[in-house]
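Chemist: okay, sequence plus prediction incoming.
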Amino acid sequence: MNATSQELPDNIDELKEIIISKAKALDFFQLRIQSLEEKNRHLRSQLFGRKSEKIIEKDEQQPPLFDEAEEIVEQALSREEKIAIPSHTRKKTGRKPLPKELPRVNVIHDLTDDEKICDCGCQMDKIGEDVSEKLDIIPAKVQVIRNIRPKYACKKCEGVESDGKTVKIAPVPAQILPKAIASEGLLAHIVISKFADALPLYRQEKMISRIGVDISRATMANWLIQGASKCRPLIELLERQIRSGPLINIDETPVQVLNEPGRRNTSKSYMWIFRGGSPDSPVLTYQYHPSRSGQIPKDFLGNYNGFIQTDAYSGYDALGRKPGIILVGCWAHARRNFIDVVNARKNNKASKKQKTGSAEVAINYIRKLYAIEKEAQNLSYEEIAGLRQEKSKPVLDEFKKWLDKRVSQTPPKGLLGKAINYALNQWKRLIVYIKDGRLKPDNNLAENAIRPFVVGRKNWLFSGHPRGAEAGSIFYSLIETSKANGLEPYSYLRYIFDRLPLAETTSDYKNLLPQNVDRKVF
């Protein structure tokens with residue numbers, strides 16, 4: 001309610017205090033309104049805007065810079081070295097040739113005998129041929145494998161009391177699903193269809209029924225659980241290999257699992273991804289857990305010593321306090337926060353005319369860091385570390401000075417304030433990557449590894465039982481590790497499904513890992 005003239009004091013000092021307090025309250029509410037409007041634009045951008053984080057600028061070489069803080073980027077850009085681009089030969093455009101290993105079927109389109117006679121009456125001779133290729137496909141062929149075991153008996157011993165050895169038959173061949181009608185090939189097909197191609201079992205059930213075979217989704221689910229249990233020794237070996245490497249990337253994503261003991265069906269569970277091992281032959285393992293507790297990665301790591309790269313989730317903080325572990329930050333997450341500022345501003349009519357702001361300045365700094373990474377693509381690890389010390393460190397030093405100056409000028413609850421504070425709070429982890437050439441500036445390796453699971457989750461929505469979620473984690477581990485090592489996943493699964501029933505020793509299982517299989521077979 002507005003105060004009347006009778007309610008206002010006559011003292012000038014008291015009037016000044018009232019005006020000042022009202023002005024402060026007005027400033028507070030204006031900032032609050034701006035913050036809420038910014039959040040609303042950000043949410044609208046997330047719902048309806050484009051998902052790409054790429055910033056398109058009309059003139060990236062000379063962006064307009066307005067205030068003193070932005071002059072740092074202008075000075076940095078002016079010091080960039082000019083790079084001479086050598087001349088090159090442009091390849092002829094056109095479609096790529098079809099793979100040579102595919103079988104060819106020759107179809108001859110020849111002239112008739114009469115057409116091979118020249119107008120002069122002479123027989124024409126073949127001087128060459130014109131060949132064009134088209135890609136054909138034959139739908140999946142289904143067959144029934146009949147395992148026939150002949151029986152043998154001795155007619156001489158017929159009717160004579162014996163120990164029962166007079167009738168002989170070959171033993172039942174070792175199979176990954178001994179009592180099921182599914183062969184190793186069918187099991188591999190179901191696994192790949194669901195976990196690599198994101199086809200839920202109910203869709204596979206309909207697809208198989210179209211060829212005249214009835215296999216319920218419940219039956220297929222049981223096959224997956226039984227097959228996954230046979231693959232468990234391989235997962236244990238993969239986890240050991242992850243802990244042997246210099247770097248482990250960790251990430252997690254939600255998943256809904258039904259029929260979890262003591263939990264509602266709407267409860268949120270998590271699929272964790274651990275990526276590590278040798279940089280030349282990476283290993284990926286997935287783990288299903290009902291929670292997002294920081295104890296999960298702690299238990300997985302055991303006595304591991306080395307680098308751990310994650311996002312800024314607080315559950316990973318305890319890992320940094322373990323002796324021998326160094327946490328590495330993620331520049332992709334830091335950049336994404338500034339991208340959110342730009343996208344939110346695009347929806348603000350009052351800010352559309354502003355082409356460059358503080359968020360763009362921060363993005364330009366990060367862009368320079370990634371440009372240096374492109375220069376390091378074909379260098380050794382030692383050379384990469386040296387290049388980062390020479391070129392990346394000065395950029396980071398300037399960026400840090402800019403952040404320290406800008407943080408005091410920015411409301412902390414706005415999108416820009418949150419982006420700046422995120423970068424400053426994570427700064428010690430963000431700059432670790434320049435010390436070792438084996439490290440990457442971001443955690444994209446883990447995020448890219450968890451993307452196939454997220455795509456599948458959009459199709460099958462939830463897991464029906466914790467055992468199904470655990471089976472999925474095993475198959476995702478094998479499929480993604482095989483892909484990371486250059487293997488075709490169906491061929492790999494078919495290969496190990498044939499040989500797993502015969503494996504007995506640790507050495508047998510090691511030979512079935514994607515890094516160790518005989519590649520001549522594929």
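Modeler: Yep, that arrived. Residues are numbered from 1 along each chain as shown.
Chemist: okay, now the unreliable bits of the stretch 401-522 of the chain?
Modeler: 522 (pLDDT under 70).
Chemist: which parts of it are strands?
Modeler: Read by DSSP state E, counting those that start in this stretch, the stretch 401-522 of the chain holds these strands, from start to end of the chain: 462-463.
Chemist: show me where it has its helices.
Modeler: 415-425, 427-430, 444-460, 466-484, 489-499, 506-510 (DSSP state H, counting those that start in this stretch).
Chemist: for R240, find the nearest of those.
Modeler: helix 506-510 (10.0 Å; C-beta to C-beta). (Each C-beta comes from the backbone N, C-alpha and C, glycine too.)
Chemist: which other helices and strands contact the closest one?
Modeler: When contacts are defined as 3 or more C-beta pairs under 8 Å, 6 or more residues apart in numbering; DSSP states H and E, helix 506-510 sits against helix 217-243.
Chemist: next helix or strand past the helix it packs on?
Modeler: strand 247-257 (DSSP states H and E).
Chemist: by contact count, what packs against that following strand?
Modeler: The contact analysis (3+ C-beta pairs under 8 Å, 6+ apart) places strand 247-257 against strand 268-278, strand 306-309, helix 444-460, strand 462-463, helix 466-484.
Chemist: next one: the residue nearest to the spatial centre of the chain from A332, what distance?
Modeler: Residue closest to the mean C-alpha point of the chain, counted by C-alpha atoms, centre = their mean, is N448 at 1.6 Å. Look at N448 and A332: by C-beta to C-beta, to the nearest Å, they are 11 Å apart.
Chemist: for the chain, name the helix or strand with the lowest mean pLDDT.
Modeler: helix 71-78 (a mean of 49; mean pLDDT, DSSP states H and E).
Chemist: what is the mean pLDDT for stretch 133-149?
Modeler: Mean pLDDT, stretch 133-149: 89.
Chemist: quick check: domain ranges of this structure?
Modeler: 166-232+487-521, 330-442 (automatic domain parsing).
Chemist: right, so of the ones you listed, which gets closest to R457?
Modeler: It is, among those and with distance given as C-beta to C-beta, domain 166-232+487-521, at 8.5 Å.
Chemist: contact partners for E470?
Modeler: Contacts for E470 were tallied using C-beta atoms under 8 Å, 6 or more residues apart in numbering; they are 228, 288.
Chemist: count of residues packed around the closest residue to P282 other than its chain neighbours?
Modeler: Nearest residue to P282 in three dimensions, chain neighbours excluded: A484, at 4.8 Å (C-beta to C-beta, 6 or more residues apart in numbering). Here the count is done by other C-beta atoms under 10 Å, and A484 has 19 residues near it.
Chemist: now A484: how far from S477?
Modeler: For A484, the distance to S477 - C-beta to C-beta - is 11 Å.
Chemist: quick check: neighbours shared by the two?
Modeler: L284.
Chemist: what's the separation between P282 and A228?
Modeler: Distance from P282 to A228, by C-beta to C-beta: 22 Å.
Chemist: and for P150?
Modeler: Taking C-beta to C-beta, one finds P150 at 34 Å from A228.
Chemist: give me the more crowded residue out of these two.
Modeler: The residue with more neighbours, out of P150 and A228, is A228; 21 against 7, by other C-beta under 10 Å.
Chemist: can you tell me, leaving aside adjacent residues, what's nearest to that one?
Modeler: Among residues not flanking A228 along the chain, A471 sits closest, at 3.6 Å (C-beta to C-beta, 6+ apart).
Chemist: surely the one you found meets W223?
Modeler: No - the pair A471 / W223 is not scored as a contact, 9.7 Å apart, by C-beta atoms under 8 Å.
Chemist: and these two? Which one has more around it.
Modeler: A471 (25 against 22).
Chemist: return the residues in contact with the more buried one.
Modeler: Neighbours of A471 in contact, by C-beta under 8 Å, 6+ apart: 224-225, 227-229.
Chemist: what strand or helix carries I18?
Modeler: Here I18 sits within helix 12-48, counting by DSSP H and E.
Chemist: ugh, wrong one, I meant V341
Modeler: Using DSSP H and E, V341 maps to helix 331-346.
Chemist: going by contacts, tell me the helices and strands next to that helix.
Modeler: Checking 3+ C-beta pairs under 8 Å, 6+ apart, helix 331-346 ends up next to helix 12-48, helix 358-375, helix 415-425.
Chemist: check which residues of the shortest one are buried.
Modeler: In this case it means helix 415-425. 415-424 (16 or more other C-beta atoms under 10 Å).
Chemist: same question for the second one.
Modeler: For helix 358-375, the buried set under the neighbour-count rule, 16+ other C-beta under 10 Å, comprises 358-366, 368-369, 372-373.
Chemist: okay, these in a markdown table with pLDDT and distance to T112 next?
Modeler: Below are the buried residues of helix 358-375 laid out as a markdown table (pLDDT from 0 to 100; distance: C-beta to C-beta, whole Å):
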| residue | pLDDT | distance to T112 |
| --- | --- | --- |
| S358 | 89 | 77 |
| A359 | 91 | 73 |
| E360 | 93 | 71 |
| V361 | 94 | 75 |
| A362 | 95 | 74 |
| I363 | 94 | 68 |
| N364 | 95 | 70 |
| Y365 | 96 | 73 |
| I366 | 96 | 69 |
| K368 | 96 | 69 |
| L369 | 96 | 69 |
| I372 | 96 | 67 |
| E373 | 95 | 64 |
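Chemist: in JSON lines: those, plus distance to L396.
Modeler: Output for the buried residues of helix 358-375, formatted as JSON lines (distance: C-beta to C-beta, whole Å):
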{"residue": "S358", "distance to L396": "18"}
{"residue": "A359", "distance to L396": "18"}
{"residue": "E360", "distance to L396": "18"}
{"residue": "V361", "distance to L396": "14"}
{"residue": "A362", "distance to L396": "12"}
{"residue": "I363", "distance to L396": "15"}
{"residue": "N364", "distance to L396": "13"}
{"residue": "Y365", "distance to L396": "8"}
{"residue": "I366", "distance to L396": "10"}
{"residue": "K368", "distance to L396": "10"}
{"residue": "L369", "distance to L396": "7"}
{"residue": "I372", "distance to L396": "10"}
{"residue": "E373", "distance to L396": "13"}
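Chemist: which among the residues you listed gets closest to P103?
Modeler: For the buried residues of helix 358-375, the residue nearest P103 by C-beta to C-beta is E373; the value is 42.1 Å.
Chemist: go ahead and confirm that closest one touches L439.
Modeler: No - using C-beta under 8 Å, E373 is not in contact with L439; the gap is 10.8 Å.
Chemist: contact partners for the closest residue in space to S267 that isn't next to it in sequence?
Modeler: Spatial nearest neighbour of S267, excluding adjacent residues (C-beta to C-beta, 6+ apart): E260 at 6.7 Å. Residues in contact with E260 (C-beta under 8 Å, 6+ apart) are 267, 269, 290, 466.
Chemist: equivalent analysis for T285, please.
Modeler: Contact analysis of T285 by C-beta under 8 Å, 6+ apart lists 235, 238-239, 242, 273-274, 473, 477, 481.
Chemist: hmm, 6 Å instead?
Modeler: 238-239, 274, 477 (C-beta atoms under 6 Å, 6 or more residues apart in numbering).
Chemist: L403 too?
Modeler: Contacts of L403 (C-beta under 6 Å, 6+ apart): 420, 423-424.
Chemist: tell me the one of the residues you listed nearest K405?
Modeler: Nearest to K405 among the contacts of L403, with distances taken as C-beta to C-beta, is I420, at 10.1 Å.
Chemist: quick one: the closest one from Y313, how far?
Modeler: Applying C-beta to C-beta, the value for I420 to Y313 is 19 Å.
Chemist: in a strand, the residue nearest to S267, correct?
Modeler: No - applying DSSP: H, G, I helix; E, B strand; the rest coil, one finds E260 to be coil, outside a strand.
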